[in-house]
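Student: how would this look folded up:
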Amino acid sequence: MTIKLLATDLDGTLLRGGQPVSAGNIAAAQAAAKAGTIVTIATGRMYRAAMPVAEALGLDVPIITYNGALIKSTSGKIYYEQYLDEDICRRITDFAAARGWYLQTYSGDELYYSDYGEFSKRYEHSQKVIGENIGYAGMREKVSQMYKMLIITPDPAVTQDWMAELEAEFGDSVTLTQSSKDFIEIISPGVSKASALVRLAEMLDIDISETMAIGDAANDLPMLRAAGFSVAMGNGTEEVKAVTDAVTGNCDDDGWAQAVYKYVLKTE
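Tutor: Residues are numbered from 1 along each chain as shown. Down below sits the predicted model:
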């Protein structure tokens with residue numbers, strides 16, 4: 001099997017918590033590209049938060065951001081984008097406000113907060129982006145070009161209950177996913193890393209059987225299932241490891257590079 005397209009998650013996969021890309025992972029990515037494999041990013045991050053990583057890897061390809069809601073090249077060409085319905089955005093804002101839930105929104109690749117505190121500071125540090133505190137009232141106005149909304153829970157133990165509340169209220173008008181145990185990510189129906197991977201492969205005239213995906217969290221599951229070959233990080237969840245074709249080393253040990261050398265370059 002020849003891997004022509006490799007799609008990778010970032011946080012917990014290619015990147016160690018809030019750190020730059022390691023030299024080992026950069027070397028592996030560039031070796032794969034030199035061998036003819038298109039290496040791309042598939043992340044829940046904002047486009048502008050993913051761009052520095054793409055630049056560090058030396059990529060000039062379409063990258064998948066916002067869990068599949070935006071496919072955009074590093075040179076700025078938009079290949080696909082899907083926004084949340086504006087009325088749904090207002091309803092979600094009101095729903096969160098009524099419960100005092102912390103909310104982040106992503107309108108036109110800008111980041112907004114319901115309030116600025118522990119969660120927003122942690123997010124800015126890990127993503128290397130700066131947002132704006134506009135409150136729930138401001139969020140009701142900033143609903144155009146909404147790629148994603150994000151609720152951060154105060155305790156992972158309540159996350160599933162909160163997701164159940166959202167599902168009961170909004171049903172199939174949104175898709176809910178998680179990249180972290182305390183994150184509830186809200187995107188448009190039908191949007192996922194999987195749908196974006198399939199769409200990108202078609203654009204590049206690559207059969208899905210010639211794709212490989214690597215990830216560690218719940219929001220990676222659709223992509224891992226869709227790819228021709230899938231790899232879970234050693235630090236990935238058991239749910240992720242259960243659906244993949246292989247498991248590599250941990251993120252902190254450049255497990256990503258290990259997977260590239262073994263399954264893409266076949267040098268190990």
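
Student: pull the distance from stretch 67-81 to the chain's centre.
Tutor: Using CA atoms, centre = their mean, to the nearest Å, the mean C-alpha position of stretch 67-81 is found 13 Å from that of the whole chain.

Student: let me see the ranges of the helices in the stretch 1-150 of the chain.
Tutor: Listed in chain order, the helices of the stretch 1-150 of the chain (DSSP state H, counting those that start in this stretch) span 23-34, 47-57, 86-99, 118-127, 135-141.

Student: out of those helices, the one nearest residue 219 is which?
Tutor: Taking CB to CB as the criterion, helix 47-57 is the member of these that comes nearest to residue 219, at 14.0 Å. All C-beta atoms are positioned from the backbone trio N, CA, C, and that covers glycine.

Student: follow-up on the earlier one: which one of the helices of the stretch 1-150 of the chain lies closest to residue 2?
Tutor: Of these, nearest to residue 2 by CB to CB is helix 23-34, at 11.7 Å.

Student: switch the helices of the stretch 1-150 of the chain over to JSON lines; also include mean neighbour count, distance to residue 193 and mean pLDDT.
Tutor: As requested, the helices of the stretch 1-150 of the chain are exported to JSON lines (neighbours: other CB atoms under 10 Å; distance: least, CB to CB, whole Å; pLDDT from 0 to 100):
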{"stretch": "helix 23-34", "mean neighbour count": "17", "distance to residue 193": "18", "mean pLDDT": "97"}
{"stretch": "helix 47-57", "mean neighbour count": "20", "distance to residue 193": "13", "mean pLDDT": "94"}
{"stretch": "helix 86-99", "mean neighbour count": "16", "distance to residue 193": "21", "mean pLDDT": "98"}
{"stretch": "helix 118-127", "mean neighbour count": "16", "distance to residue 193": "18", "mean pLDDT": "93"}
{"stretch": "helix 135-141", "mean neighbour count": "16", "distance to residue 193": "25", "mean pLDDT": "98"}
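
Student: distance to residue 167 for the ones you listed - can I get that in CSV?
Tutor: Written out in CSV, the entries for those read as follows (distance: least, CB to CB, whole Å):
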stretch, distance to residue 167
helix 23-34, 36
helix 47-57, 27
helix 86-99, 12
helix 118-127, 22
helix 135-141, 21
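
Student: closest to residue 218 out of these?
Tutor: Between residue 218 and the helices of the stretch 1-150 of the chain, the shortest gap by CB to CB is with helix 118-127, which sits at 17.7 Å.

Student: how about the closest one as CSV, C-alpha atoms only?
Tutor: As requested, the backbone C-alpha atoms of helix 118-127 are provided in CSV (Å, rounded to 0.1, in the frame of the first residue of the first chain):
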residue,chain,number,x,y,z
GLU,A,118,-9.0,30.7,33.4
PHE,A,119,-10.4,28.9,30.4
SER,A,120,-9.6,31.6,27.8
LYS,A,121,-6.1,32.2,29.2
ARG,A,122,-5.4,28.5,29.0
TYR,A,123,-6.7,28.3,25.5
GLU,A,124,-4.7,31.3,24.3
HIS,A,125,-1.5,29.8,25.8
SER,A,126,-2.0,26.4,24.2
GLN,A,127,-3.1,27.7,20.8
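
Student: all set, thanks.
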